[in-house]
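J.: have a look; sequence and predicted model below, questions after that.
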Amino acid sequence: MPRTRGEELLLARISAAAGRAHLGRRLATYPVTAYRPRTGPFRAVRRLPGLVRPGRPAGRPNARLDLYEHGLTVAVKGRIHIVRYATTSVFRHRARPRRAPLAGPTAPAGTAVPCAAAPAVVHTLTDVERKRLVLYGGPVDGDPEDGGPADGGARAWERELERAVVRAQLPGALAALDRGERVVFGDVWMTRERVGSGAGCGTPWAQVQGIGGKDGFLVLTGVSGRQYRLGPVMPRIPNVFLFRTLAEHCRREGAD
(Lines give C-alpha, C1' and ligand atoms only; values in the text may rest on other atoms or scores of the structure.)
Protein backbone atom coordinates (compact mmCIF):
# COMPACT_ATOMS: atom_id res chain seq x y z
CA MET A 1 0.00 0.00 0.00
CA PRO A 2 1.47 3.39 -0.98
CA ARG A 3 2.34 5.80 1.83
CA THR A 4 0.25 8.88 2.50
CA ARG A 5 1.72 12.36 2.36
CA GLY A 6 1.73 12.47 6.15
CA GLU A 7 3.56 9.15 6.37
CA GLU A 8 6.16 10.34 3.86
CA LEU A 9 6.79 13.50 5.87
CA LEU A 10 7.06 11.54 9.12
CA LEU A 11 9.53 9.10 7.55
CA ALA A 12 11.62 12.01 6.30
CA ARG A 13 11.73 13.55 9.80
CA ILE A 14 12.66 10.20 11.37
CA SER A 15 15.41 9.59 8.82
CA ALA A 16 16.81 13.08 9.33
CA ALA A 17 16.84 12.69 13.13
CA ALA A 18 18.50 9.28 12.91
CA GLY A 19 21.08 10.68 10.51
CA ARG A 20 21.97 13.55 12.82
CA ALA A 21 22.36 11.06 15.68
CA HIS A 22 24.50 8.74 13.51
CA LEU A 23 22.34 5.72 14.28
CA GLY A 24 23.37 3.89 11.11
CA ARG A 25 21.16 1.78 8.90
CA ARG A 26 17.47 1.26 9.63
CA LEU A 27 16.76 -2.41 10.43
CA ALA A 28 13.06 -2.68 11.26
CA THR A 29 9.91 -0.70 12.03
CA TYR A 30 7.10 -1.54 14.50
CA PRO A 31 3.88 0.11 15.70
CA VAL A 32 4.00 0.54 19.48
CA THR A 33 2.24 2.20 22.38
CA ALA A 34 4.49 4.83 23.97
CA TYR A 35 4.38 7.82 26.25
CA ARG A 36 6.68 10.17 28.16
CA PRO A 37 6.20 9.65 31.93
CA ARG A 38 6.32 12.41 34.52
CA THR A 39 7.50 10.14 37.32
CA GLY A 40 10.31 7.69 37.97
CA PRO A 41 10.52 4.48 35.91
CA PHE A 42 9.01 2.19 38.55
CA ARG A 43 5.97 4.38 39.18
CA ALA A 44 5.56 5.32 35.55
CA VAL A 45 4.91 1.79 34.38
CA ARG A 46 1.92 1.52 36.73
CA ARG A 47 0.00 3.71 34.31
CA LEU A 48 0.25 1.12 31.54
CA PRO A 49 -2.23 -1.46 32.91
CA GLY A 50 -4.92 1.20 32.50
CA LEU A 51 -4.40 0.97 28.75
CA VAL A 52 -5.46 -2.67 28.75
CA ARG A 53 -9.09 -3.50 28.05
CA PRO A 54 -10.63 -6.94 28.62
CA GLY A 55 -10.36 -9.19 25.60
CA ARG A 56 -8.11 -7.01 23.47
CA PRO A 57 -4.55 -5.67 23.38
CA ALA A 58 -3.57 -2.56 25.33
CA GLY A 59 -4.97 0.33 23.38
CA ARG A 60 -4.15 1.05 19.79
CA PRO A 61 -0.52 1.77 18.87
CA ASN A 62 0.08 5.50 19.04
CA ALA A 63 3.73 5.58 18.03
CA ARG A 64 6.23 4.34 15.47
CA LEU A 65 9.39 2.53 16.58
CA ASP A 66 12.35 2.32 14.19
CA LEU A 67 15.33 0.14 15.10
CA TYR A 68 18.75 1.12 13.74
CA GLU A 69 22.24 -0.30 14.04
CA HIS A 70 23.28 1.95 16.92
CA GLY A 71 20.00 3.06 18.43
CA LEU A 72 16.31 3.60 17.86
CA THR A 73 13.76 6.33 17.26
CA VAL A 74 10.24 6.63 18.64
CA ALA A 75 7.83 8.97 16.89
CA VAL A 76 4.94 9.87 19.19
CA LYS A 77 2.70 12.93 19.43
CA GLY A 78 4.64 14.80 16.77
CA ARG A 79 8.04 14.34 18.41
CA ILE A 80 10.98 12.12 17.44
CA HIS A 81 12.80 10.63 20.44
CA ILE A 82 16.33 9.25 20.03
CA VAL A 83 17.76 6.39 22.10
CA ARG A 84 21.38 5.19 21.82
CA TYR A 85 22.07 1.58 22.70
CA ALA A 86 25.51 2.47 24.11
CA THR A 87 24.17 4.92 26.71
CA THR A 88 20.56 4.03 27.47
CA SER A 89 19.27 2.54 30.70
CA VAL A 90 16.40 0.08 30.25
CA PHE A 91 14.05 -0.84 33.09
CA ARG A 92 11.72 -3.80 32.59
CA HIS A 93 8.41 -4.24 34.33
CA ARG A 94 5.71 -6.86 34.06
CA ALA A 95 2.32 -5.13 34.10
CA ARG A 96 -0.98 -6.94 34.55
CA PRO A 97 -4.27 -5.50 33.24
CA ARG A 98 -6.68 -3.90 35.67
CA ARG A 99 -9.63 -5.84 36.98
CA ALA A 100 -12.80 -5.65 34.95
CA PRO A 101 -16.43 -5.58 36.15
CA LEU A 102 -18.39 -8.81 35.95
CA ALA A 103 -21.06 -8.89 33.29
CA GLY A 104 -24.49 -10.46 33.57
CA PRO A 105 -27.56 -10.17 35.75
CA THR A 106 -26.11 -12.37 38.53
CA ALA A 107 -23.09 -10.19 39.15
CA PRO A 108 -23.44 -7.92 42.20
CA ALA A 109 -22.97 -4.24 41.49
CA GLY A 110 -19.33 -3.24 41.52
CA THR A 111 -18.05 -6.83 41.54
CA ALA A 112 -14.69 -7.20 39.80
CA VAL A 113 -12.69 -10.17 38.61
CA PRO A 114 -9.14 -10.43 37.26
CA CYS A 115 -8.94 -9.61 33.57
CA ALA A 116 -8.19 -12.58 31.34
CA ALA A 117 -5.72 -10.59 29.24
CA ALA A 118 -2.09 -11.72 29.55
CA PRO A 119 0.43 -9.59 31.45
CA ALA A 120 2.67 -7.28 29.46
CA VAL A 121 6.36 -6.47 29.54
CA VAL A 122 6.92 -2.72 29.68
CA HIS A 123 10.25 -1.06 28.94
CA THR A 124 11.20 2.34 30.34
CA LEU A 125 14.21 3.72 28.46
CA THR A 126 16.38 6.81 28.83
CA ASP A 127 16.91 8.77 25.62
CA VAL A 128 19.83 10.97 24.52
CA GLU A 129 18.39 13.84 26.60
CA ARG A 130 18.38 11.52 29.67
CA LYS A 131 14.60 11.71 29.76
CA ARG A 132 12.40 8.65 30.20
CA LEU A 133 10.33 7.01 27.50
CA VAL A 134 7.95 4.12 28.13
CA LEU A 135 7.31 1.45 25.48
CA TYR A 136 4.51 -1.06 25.94
CA GLY A 137 5.45 -4.43 24.50
CA GLY A 138 1.98 -5.90 24.33
CA PRO A 139 0.45 -8.91 26.14
CA VAL A 140 2.89 -11.77 26.62
CA ASP A 141 2.22 -15.26 27.95
CA GLY A 142 4.72 -16.65 30.42
CA ASP A 143 7.59 -14.98 32.23
CA PRO A 144 9.34 -12.12 30.42
CA GLU A 145 12.68 -13.76 31.16
CA ASP A 146 11.63 -16.83 29.20
CA GLY A 147 10.08 -15.06 26.22
CA GLY A 148 6.58 -15.95 25.19
CA PRO A 149 4.34 -15.85 22.16
CA ALA A 150 4.49 -12.49 20.43
CA ASP A 151 1.65 -10.03 20.05
CA GLY A 152 1.97 -7.68 17.09
CA GLY A 153 5.72 -8.31 16.85
CA ALA A 154 6.23 -7.06 20.40
CA ARG A 155 8.61 -9.79 21.46
CA ALA A 156 10.64 -9.34 18.27
CA TRP A 157 11.53 -5.71 18.99
CA GLU A 158 11.95 -6.37 22.71
CA ARG A 159 14.49 -9.12 22.08
CA GLU A 160 16.35 -7.04 19.51
CA LEU A 161 16.43 -4.01 21.82
CA GLU A 162 17.95 -6.04 24.64
CA ARG A 163 20.45 -7.80 22.34
CA ALA A 164 21.50 -4.45 20.87
CA VAL A 165 22.04 -2.88 24.30
CA VAL A 166 24.16 -5.86 25.36
CA ARG A 167 26.23 -5.67 22.16
CA ALA A 168 26.83 -1.96 22.64
CA GLN A 169 27.55 -1.91 26.38
CA LEU A 170 29.18 -5.28 27.11
CA PRO A 171 32.68 -4.43 25.77
CA GLY A 172 32.90 -1.28 27.89
CA ALA A 173 31.66 -3.09 30.98
CA LEU A 174 34.20 -5.90 30.53
CA ALA A 175 36.98 -3.36 30.02
CA ALA A 176 35.96 -1.60 33.26
CA LEU A 177 36.09 -4.90 35.13
CA ASP A 178 39.54 -5.61 33.67
CA ARG A 179 40.73 -2.25 35.02
CA GLY A 180 39.60 -3.30 38.47
CA GLU A 181 36.57 -1.00 38.51
CA ARG A 182 33.16 -1.65 40.00
CA VAL A 183 30.33 -1.87 37.45
CA VAL A 184 27.08 -0.62 38.94
CA PHE A 185 23.47 -1.41 38.05
CA GLY A 186 21.47 0.80 40.37
CA ASP A 187 21.89 -0.74 43.83
CA VAL A 188 23.58 -3.88 42.47
CA TRP A 189 27.28 -4.01 41.62
CA MET A 190 30.03 -6.35 40.54
CA THR A 191 33.80 -6.48 40.21
CA ARG A 192 36.02 -9.21 38.80
CA GLU A 193 36.20 -10.69 42.30
CA ARG A 194 32.76 -10.15 43.83
CA VAL A 195 29.07 -9.40 43.32
CA GLY A 196 26.83 -7.62 45.77
CA SER A 197 24.36 -4.83 46.48
CA GLY A 198 24.37 -1.65 48.50
CA ALA A 199 27.21 -1.15 50.96
CA GLY A 200 27.73 -4.88 51.55
CA CYS A 201 31.07 -6.55 50.91
CA GLY A 202 29.53 -8.91 48.36
CA THR A 203 30.07 -12.57 47.53
CA PRO A 204 33.19 -13.93 45.77
CA TRP A 205 32.38 -15.31 42.32
CA ALA A 206 34.01 -18.60 43.29
CA GLN A 207 31.16 -19.06 45.79
CA VAL A 208 28.39 -18.27 43.28
CA GLN A 209 26.61 -21.16 41.60
CA GLY A 210 24.25 -18.96 39.62
CA ILE A 211 22.12 -15.80 39.53
CA GLY A 212 18.53 -15.94 38.31
CA GLY A 213 15.14 -14.33 38.75
CA LYS A 214 12.48 -15.37 41.27
CA ASP A 215 9.32 -13.56 42.40
CA GLY A 216 10.51 -10.36 40.75
CA PHE A 217 13.95 -10.33 42.42
CA LEU A 218 17.45 -11.29 41.40
CA VAL A 219 18.36 -14.37 43.40
CA LEU A 220 21.94 -15.49 44.01
CA THR A 221 22.48 -19.20 44.59
CA GLY A 222 25.68 -20.10 46.41
CA VAL A 223 27.68 -23.27 45.88
CA SER A 224 26.15 -24.53 49.12
CA GLY A 225 22.69 -24.25 47.54
CA ARG A 226 21.64 -21.39 49.79
CA GLN A 227 19.71 -18.59 48.05
CA TYR A 228 19.25 -14.95 48.88
CA ARG A 229 17.95 -11.86 47.13
CA LEU A 230 20.37 -9.52 45.44
CA GLY A 231 19.29 -5.88 45.49
CA PRO A 232 15.81 -4.40 44.97
CA VAL A 233 13.05 -5.72 42.72
CA MET A 234 14.22 -6.17 39.13
CA PRO A 235 12.11 -3.29 37.70
CA ARG A 236 14.39 -0.98 39.71
CA ILE A 237 17.59 -2.43 38.22
CA PRO A 238 18.72 -0.81 34.95
CA ASN A 239 19.77 -3.11 32.11
CA VAL A 240 19.18 -6.22 34.20
CA PHE A 241 19.68 -8.40 31.10
CA LEU A 242 23.19 -6.93 30.69
CA PHE A 243 23.88 -7.57 34.37
CA ARG A 244 22.95 -11.23 33.96
CA THR A 245 25.20 -11.57 30.91
CA LEU A 246 28.13 -10.06 32.81
CA ALA A 247 27.35 -12.13 35.89
CA GLU A 248 27.48 -15.38 33.96
CA HIS A 249 30.80 -14.34 32.40
CA CYS A 250 32.33 -13.51 35.80
CA ARG A 251 30.86 -16.61 37.43
CA ARG A 252 32.46 -18.89 34.82
CA GLU A 253 35.80 -17.16 35.25
CA GLY A 254 35.54 -17.41 39.03
CA ALA A 255 34.85 -21.14 38.79
CA ASP A 256 37.98 -21.80 36.70
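T.: In hand now; what should we look at? Please read all numbers here as calculations on a predicted model, not as lab measurements.

J.: wouldn't Lys196 be in contact with Trp205 here?
T.: Residue 196: Gly, not Lys. No. Counting by CB atoms under 8 Å, Gly196 sits too far from Trp205 to count as a contact (10.9 Å). Every residue, glycine included, has its C-beta placed from N, CA and C.

J.: Ile252: neighbour count?
T.: If you look again at residue 252, you'll see it is Arg, not Ile. By the criterion of other CB atoms under 10 Å, Arg252 has 10 neighbours.

J.: end-to-end on stretch 222-241?
T.: With CA to CA, to the nearest Å as the measure, stretch 222-241 spans 20 Å from end to end.

J.: same check on stretch 219-238?
T.: This stretch, stretch 219-238, spans 16 Å end to end (CA to CA).

J.: just the buried positions in it, please.
T.: Across stretch 219-238, burial judged by 16 or more other CB atoms under 10 Å covers 220, 230-232, 234-238.

J.: now do the contacts for Gly196.
T.: Contact analysis of Gly196 by CB atoms under 8 Å, 6 or more residues apart in numbering lists 188-190, 202-203, 230.

J.: and these, which is closest to Gln169?
T.: Met190 (13.8 Å; CB to CB).

J.: my guess is Leu170 meets Arg244, correct?
T.: No. Using CB under 8 Å as the test, Leu170 is too far from Arg244 to be in contact (11.5 Å).

J.: out of the buried residues of stretch 219-238, which one sits closest to Leu174?
T.: Relative to Leu174, the closest of the buried residues of stretch 219-238 is Pro238; by CB to CB it sits at 17.5 Å.

J.: show me what contacts that closest one?
T.: Neighbouring residues of Pro238 by CB under 8 Å, 6+ apart: 89-91, 185-186.

J.: in a markdown table: these, plus secondary structure and pLDDT.
T.: Shown next, in a markdown table, are these (DSSP: H, G, I helix; E, B strand; the rest coil; pLDDT from 0 to 100):
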| residue | secondary structure | pLDDT |
| --- | --- | --- |
| Ser89 | coil | 97 |
| Val90 | strand | 96 |
| Phe91 | strand | 95 |
| Phe185 | strand | 97 |
| Gly186 | coil | 94 |
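
J.: and which of these is nearest Arg64?
T.: Set against Arg64, the nearest of the contacts of Pro238 by CB to CB is Val90 (19.1 Å).

J.: quick check: buried residues in stretch 157-166?
T.: Buried residues in stretch 157-166 (16+ other CB under 10 Å): 157-158, 161-162, 164-166.

J.: now intersect the contacts of Gly196 with the strands, please.
T.: 188-190, 203, 230 (DSSP state E).

J.: emit the PyMOL select command for whichever of those are buried.
T.: PyMOL command restricting those to the buried ones, with burial defined by 16+ other CB under 10 Å:
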select buried, resi 188+189+190+203+230
